[in-house]
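Trainee: Below: sequence and its predicted model.
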Amino acid sequence: MSHGHEVGTLPHSHKKQYIILGIVLSIVTFIELGIPLMKGSPEIWTAAKELWAPLLIVLSIFKFGAVVGDFMHLRSDFTLYKILFISPLFLAMFSFFAIGSLSVVHFQPFGKGYAITAQDLSDGYVPPTVGGGAEPPWADDKFEAAFVDAQKGGFAKGKETFTTSCANCHRADGGGMPGLGVNLTDVCYKHGGKIAALYTTISKGVSGTAMPAWQTSMDSEKLRQVAYYVHSLKGLNVAGGRDCEGPKE
């Protein structure tokens, strides 16, 4: 006698679907956690600074939708239920963006920098600036440590900037041009030969001379890289360089 149903029918397994979803969510979470680490590459971080916050929001919305769609089965539900659920979601998103736009400008790295997080402070993070003034010089020990790191890379970044922006006055080898740039390969310095002093001279320029204030066109990290490269030229004494000017250091 038939009772109107099949005996022994097993429920359909969603195991494969959940595994795929888990992998996708893991990848998205990995990207979210990796974005703040981009601060370690100031050039990349600054170039796309306006994109990081919206990207994090989009990724969060994607994760929310994926979980709701699969685990709450909203994707296969009636259209009316979808509308009733999604409508408040858009209202919540609008509120989030409205409140966020009022507060995010106060924090680094997305805004004007009135405040930074405790984690940023503990990491020693100083956001690079583009124009409008360079950051204050670092302490000597921090500059020396960064100099060693730049040395490992052959001062490539600083040399590239020096070649395109400084060589016209200081010569490609740093020997200096009469009436323009001083000799950077001797051991004499009018304004100090330590990295902090070089950084200040490069960023703020020297009034009454041909030395411009490069802080108007370079961010602070680029200024630092140039200072490291110039510091590496000390004592090379290239042939045909300008005479020594200023106290010896």
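Mentor: Right, received. Where do you want to start?
Trainee: all strands of the protein, in order?
Mentor: In the chain, no strands are defined using DSSP state E.
Trainee: Could you list the domains of it?
Mentor: Following automatic domain parsing, one gets these domains for the chain: 15-122, 140-232.
Trainee: which of those domains sits most buried?
Mentor: Of all these, domain 140-232 carries the top mean neighbour count, a mean of 18, counting by mean count of other C-beta atoms under 10 Å. No exception for glycine: its C-beta is placed from N, CA and C like everyone else's.
Trainee: worst-scoring helix or strand of this protein, pLDDT-wise?
Mentor: Here the helix or strand of the chain ranked lowest by mean pLDDT, DSSP states H and E is helix 118-122, holding a mean of 55.
Trainee: returning to that earlier point: ok, of the domains of the chain, where does mean pLDDT dip lowest?
Mentor: When the domains of the chain are compared by mean pLDDT, domain 15-122 comes last with a mean of 68.
Trainee: out of the domains of the chain, nearest to D243?
Mentor: domain 140-232 (7.3 Å; C-beta to C-beta).
Trainee: now the end-to-end length of the closest one.
Mentor: 15 Å (C-alpha to C-alpha, to the nearest Å).
Trainee: which residues sit in contact with the closest residue to D243 other than its chain neighbours?
Mentor: Leaving aside its chain neighbours, D243 sits nearest to N183 (7.3 Å; criterion: C-beta to C-beta, 6 or more residues apart in numbering). Applying C-beta atoms under 8 Å, 6 or more residues apart in numbering to N183 gives the contacts H170, G174, G175, G176, G241, R242, D243, C244, E245.
Trainee: Those in helices, which ones?
Mentor: H170 (DSSP state H).
Trainee: Could you export the contacts of N183 as JSON lines, including distance to K204?
Mentor: Output for those, formatted as JSON lines (distance: C-beta to C-beta, whole Å):
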{"residue": "H170", "distance to K204": "17"}
{"residue": "G174", "distance to K204": "20"}
{"residue": "G175", "distance to K204": "23"}
{"residue": "G176", "distance to K204": "20"}
{"residue": "G241", "distance to K204": "24"}
{"residue": "R242", "distance to K204": "22"}
{"residue": "D243", "distance to K204": "25"}
{"residue": "C244", "distance to K204": "23"}
{"residue": "E245", "distance to K204": "19"}
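Trainee: closest to A197 among the contacts of N183?
Mentor: Distances from A197 to the contacts of N183, taken by C-beta to C-beta, are shortest for E245, at 14.7 Å.
Trainee: Now for the closest one: which residues touch it?
Mentor: Contacts of E245 by C-beta under 8 Å, 6+ apart are V182, N183, C188, K190.
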